[in-house]
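> No sequence on hand, only this structure:
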């Protein structure tokens, strides 16, 4: 029943009610989810999710495949027991587009995305892994998805998480690298513990800067973190930077 994947694969509408949501970019081994196993390439090449095609019961995903691996792709997909149909949509000199209907109920990854109200904005498959761009309604939803993947033995690679209203914020929620390093060290070292286990003087000595520089770095880091995750940013305010 391929139509079950509609909510996952459809590109979400622009949020207008103030809800933030987050964008997550991550990698998942092809062997960890059913669609990845179906679309595994036997030699070099890539597969990219392009769009959805309407059918009588709903829609099926369309993937682009380089013609250099087209024969391998067709054989692998057609022979897979979870595939209901494979249809060539179009082809040119370089790539071919295929619509695939498969038994989506076997795919635990898609089940997890549905359970957390996530959407796939983009997906590209390689020989051993897939890169996903996912949209979650909140950080809590992403945390729930990570726990789901851990329970289902689905390995999530290092994830880049950012606020879609602040795409310029970068992979660390708007923090510069010095801000990120200092804030992580402050938290893990006990600067915010009661009683305090680490002082700004200690941090200054570790990073080779002044006490005042550490205080300012932490202040800017917290502001950047809150602006990139909890509040809508103003268009005229660029992400904070620091030497």
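Thanks, I have it. Please read these numbers as outputs of a predicted model, since none were measured by experiment.
> quick one: residue 224 and residue 179 touch, right?
Yes - at 6.6 Å, residue 224 and residue 179 qualify as touching, with contact defined as Cβ atoms under 8 Å. C-betas here are computed from N, CA, C, even on glycine.
> tell me the contacts of residue 203?
182, 185-186, 189, 191, 214 (Cβ atoms under 8 Å, 6 or more residues apart in numbering).
> And the helices in this structure?
6-9, 34-38, 70-78, 108-115, 139-151, 177-189, 200-207, 211-229 (DSSP state H).
> Would you mind giving the ones you listed as TSV with distance to residue 49 and mean pLDDT added?
Formatted as TSV, these follow (distance: least, Cβ to Cβ, whole Å; pLDDT from 0 to 100):
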stretch	distance to residue 49	mean pLDDT
helix 6-9	7	36
helix 34-38	9	89
helix 70-78	14	88
helix 108-115	12	90
helix 139-151	18	92
helix 177-189	31	89
helix 200-207	43	92
helix 211-229	27	84
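> Let me see the domain layout of the protein.
Split into domains by automatic domain parsing, the chain comes to 2-162, 167-229.
> how near is the residue nearest to residue 89 when sequence neighbours are not counted to residue 177?
Closest residue to residue 89 apart from its sequence neighbours, by Cβ to Cβ, 6 or more residues apart in numbering: residue 97 at 4.1 Å. Using Cβ to Cβ, to the nearest Å, we find residue 97 at a distance of 40 Å from residue 177.
> And for residue 116?
30 Å.
> And the two? Which one has more around it.
residue 116 (20 against 10; other Cβ atoms under 10 Å).
> who are the neighbours in contact with residue 67?
91, 93-96.
> Let me know the closest of those residues to residue 125.
Nearest to residue 125, judged by Cβ to Cβ, of the contacts of residue 67 is residue 95 at 13.7 Å.
> Quick one, grab the pLDDT at that closest one.
Looking at residue 95, its pLDDT stands at 89.
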